[in-house]
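*Asks:* coords please:
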Amino acid sequence: MTQTPSLKTQLLQVDGMDCGSCAKTIEASLLSLRGVTEATVSFATAKVKVSYDTKLLSETEIRNRITALGYTVKLSGEAKPHNHSHCCESDHDHDHKHDDHEHVEVASVKKLQVKVNGMDCGSCAKTIEVGLQQMAGVRDVSVNFATERLQLSYDPQLVSETAIYDRIKGLGYTVEESLEASSYHHTQDDCHDHNHDHNHNHPVTKPTQKHNSAGWKFWIANRRGQSVILAGVGLVLGLLTQHLALSIWIARGFYGVGIVVAGYPIARAGLFELRLRRADMNLLMTISVIGAVILGDWFEGALVLFLFSLGTTLQVFTFGRTRNAISALMDLTPPTATVKRGSKEVTVPVESVQVGDILTIRPGQRVALDGIVVSGTSAIDQSPITGESIPEDKERGDTVYAGTLNQSGFLEVKVTHTSNDTTVAKIIHLVEEAQGSRAPTQQWVDRFAEVYTPIVILIAIAIAVIPPLAFAQPFHVWLYRALVMLVIACPCALVISTPVSIVSAIGAASRQGVLFKGGNALETAGHLTTLAFDKTGTLTQGLPVVQEVYDLGKVSTNVVLQIAASLEQLSEHPLAKAIVANARLEGIELETPVNFTALPGKGIQASFGEVLYFVGNRRLFTDSGIRLSSEAESLLAEIENLSQTPVLVGTTQGLLGAIALSDGLRLEATEAVRQLKRFGLKRLVMLTGDRTAVAQKIAQQVGITEYQAQLLPQDKLQAIQQLRQVGVTGMVGDGINDAPALAAADISFAVGGIDIALETADVVLVGSDLRRLAYAVELSRRTVSVIQQNVVFSLVTKGLFLLLGTFGFVGLAIAVLADTGTSLLVTANGMRLFRTKTIED
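*Replies:* Sure thing, here's the model as predicted:
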């Protein structure tokens, strides 16, 4: 959309959205403002994009409208790597992970980042944000509940750091320590307990402790589990009292305790939603329990809340485990680094290390920052980054990554990226964004839920009113059935069916070196019918490799290779490096030549003893007056017919032999193609700008029958567009000379360096192992299948109980059990994807 001078597009960060309906509420409200021309709200990224006429409306009015709806607005800005995994729970009390933002600072503005203890859930984080935003001079407040981190900007002329601490403490929380911005360390569990008892005078957990979510300790250690236990105790005591025929009021007292303990956070959240004129599960459950109590069914009211709390707590426990895929990465990066300062070694926070600093890394230590080895050799465990279980040998000039483990030798590493720009930081950011994204199926589910819930509520009202008034039926019977319908009205299982699958699959993929950029990429890959490959750098290594060494009978092939490698060992040319590498691989000892002369564009000449040797191309020999025999000409023609590059080796007397080089095939390329075919992906196409003969040879080697050669970048683009006309098409490339084709494909896969790949592709294969491509496709197909299973199961279950509830065949307890049980089942089904480690799993 072309902007006029008075038209402005603003991007805002909004916290407090529970689901797609929250996003729709904000969107509809903004569109009703005079001057707003376009409003798009993404629940997945928690961002609002609004275009408006600055002559009719101000940004402040837009922000005030969103705030009036009950949400928190942050200033717009460039997002840094952040924790954006959503705790999607049925009690919807806004348990969100908040984005951190980087804003332009003026000289009078300072940034503050502290660790805050005592938060129980996302609503606690929101409370802190709102409380601090009310202070003069405070802006850009961002509270991340998952990492217990608060970041803000403030004007020291208007407010002091001490005053900010006092406000936080006044809200019932404890400030532990000041942190540097952009830290990625020491995250807490993603899903803390979520019981919503917002009386924050409770004891504060020590900051170094993590909530233990394993086994029985989960139920004791957090407030949600404690609430379920107390509600259960009240329910059991009430049953015993009633069974022993004691006073009914004593039994109701116990039931009442269970109702209050389990129902308070639910009712509180429900009232909040009522103010927003929305009906979610909290409000519907609250109305149902109140109705049961009015009808005298205290036991059923207590049982309903106990089952609901138990189900949602189990859901948090299970679903939360899938979000912890990123926590392992965050914990890998050490908080400090050992830096050389002159002749001394100093341990400093990683945030203070600058590009160019020299790190010392001893055996058993993790690499703190990305860098290049300047001294030493070692084996590095890179499995957290690349997914490879076998350590990789590193020596001078090799790249090492933050979070990887130095296993054997001592290394000195020159830093190439600061802490917020490392490879692991980029991976964390990508996975967090992807896990919070909305897949196409999720968008459909959200639209369906917007229609489903109001319709069922209307049916419930009709059931409560029409039979008693029109047919003189007992009011309490039909009111009870209406209450059952209210419980059935919330499509919790349906709404959660897609996110749990997406989060699990993306989490599993990230541990195997496959990074999806979002749920859309994951679903699209699951529907793939055609896959196109770029040749150079994708199916091949993109580097020359010695294919054959030839001699003309005067000396052996080993001597030809020794002469060439000895002369080429001082050269940085790719062909020279390939020849030297091959000689060393063959165990050939190199000699040091004299009278070395490099002839640009031709080759090299140097002497051994009294003999002058030449290594280079045909032009080197022609210009040097060296005549090539017919046998030599025949050999060179043979090499060139194989689409290989000949490097000639000879003396002033003529050619001794030649070395044939070509772009080497990736070792795993053939296996990757075989696996893709085994998974049913029949149409595989290779696109290359190389000659037809070369294309045919490579295609035959890897097992691809369809190829197109001599293509320019725009030709590859047209080829992808043609392939898309007959099916969902993917493109695999390195992101360098095939960017247009990657962009044109339905989904793109990048196998190059992560810096380039992250910018160009929908899916990144870290470590450039093509076998991960087959894993990505198969995992995507499994994910699509699981999503379909979950959606169908949720719809069928809801439809069945809708029918049973209408005719009075199920009670409140069964309705709640069905709702939470279905949610747990789809969650467990989605979590199966998290255990997908290899394509054979």
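*Asks:* need the contact list for the closest residue to residue 689 other than its chain neighbours.
*Replies:* Distance criterion Cβ to Cβ, 6 or more residues apart in numbering; nearest residue to residue 689, sequence neighbours excluded, is residue 711 at 5.3 Å. In short, each C-beta sits where N, CA and C put it, glycine included. The contact partners of residue 711, by Cβ atoms under 8 Å, 6 or more residues apart in numbering, come to 687-689, 719.
*Asks:* where does residue 711 fall, phi/psi-wise?
*Replies:* phi -100, psi 140 (degrees, to the nearest 10).
*Asks:* Next, the contact list for residue 603, please.
*Replies:* Contacts of residue 603 (Cβ under 8 Å, 6+ apart): 614-617, 620, 647-648.
*Asks:* which among those residues end up buried?
*Replies:* Restricting the contacts of residue 603 to buried positions leaves 614-617, 620, 647-648, with burial counted as 16 or more other Cβ atoms under 10 Å.
*Asks:* need the residues you listed in TSV with distance to residue 504, pLDDT and secondary structure, can you?
*Replies:* Below are the buried ones among the contacts of residue 603 laid out as TSV (distance: Cβ to Cβ, whole Å; pLDDT from 0 to 100; DSSP: H, G, I helix; E, B strand; the rest coil):
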residue	distance to residue 504	pLDDT	secondary structure
614	62	96	strand
615	56	96	strand
616	57	94	strand
617	55	93	coil
620	60	93	helix
647	52	96	strand
648	58	97	strand
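*Asks:* which one of the residues you listed sits closest to residue 529?
*Replies:* For the buried ones among the contacts of residue 603, the minimum distance to residue 529 (Cβ to Cβ) is 43.1 Å, reached by residue 647.
*Asks:* my guess is that closest one contacts residue 614, does it?
*Replies:* No. At 10.6 Å, residue 647 does not count as touching residue 614 under the criterion of Cβ atoms under 8 Å.
*Asks:* would CSV of the contacts of residue 711 with pLDDT and distance to residue 527 be doable?
*Replies:* As requested, those are arranged in CSV below (pLDDT from 0 to 100; distance: Cβ to Cβ, whole Å):
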residue, pLDDT, distance to residue 527
687, 94, 21
688, 89, 26
689, 84, 29
719, 94, 20
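*Asks:* In strands, which of those fall?
*Replies:* Counting by DSSP state E, those place residue 687 in strands.
*Asks:* Show me which of the contacts of residue 711 is closest to residue 778.
*Replies:* After measuring the contacts of residue 711 against residue 778 - Cβ to Cβ - the closest member comes out as residue 687, at 23.2 Å.
*Asks:* how many neighbours does the closest one have?
*Replies:* 26 (other Cβ atoms under 10 Å).
*Asks:* So it is in contact with residue 532, correct?
*Replies:* Yes. With contact defined as Cβ under 8 Å, residue 687 reaches residue 532; the gap is 5.5 Å.
*Asks:* Next, show the common contact partners of these two.
*Replies:* Common neighbours of residue 687 and residue 532 (criterion: Cβ under 8 Å, 6+ apart): 719-720, 741.
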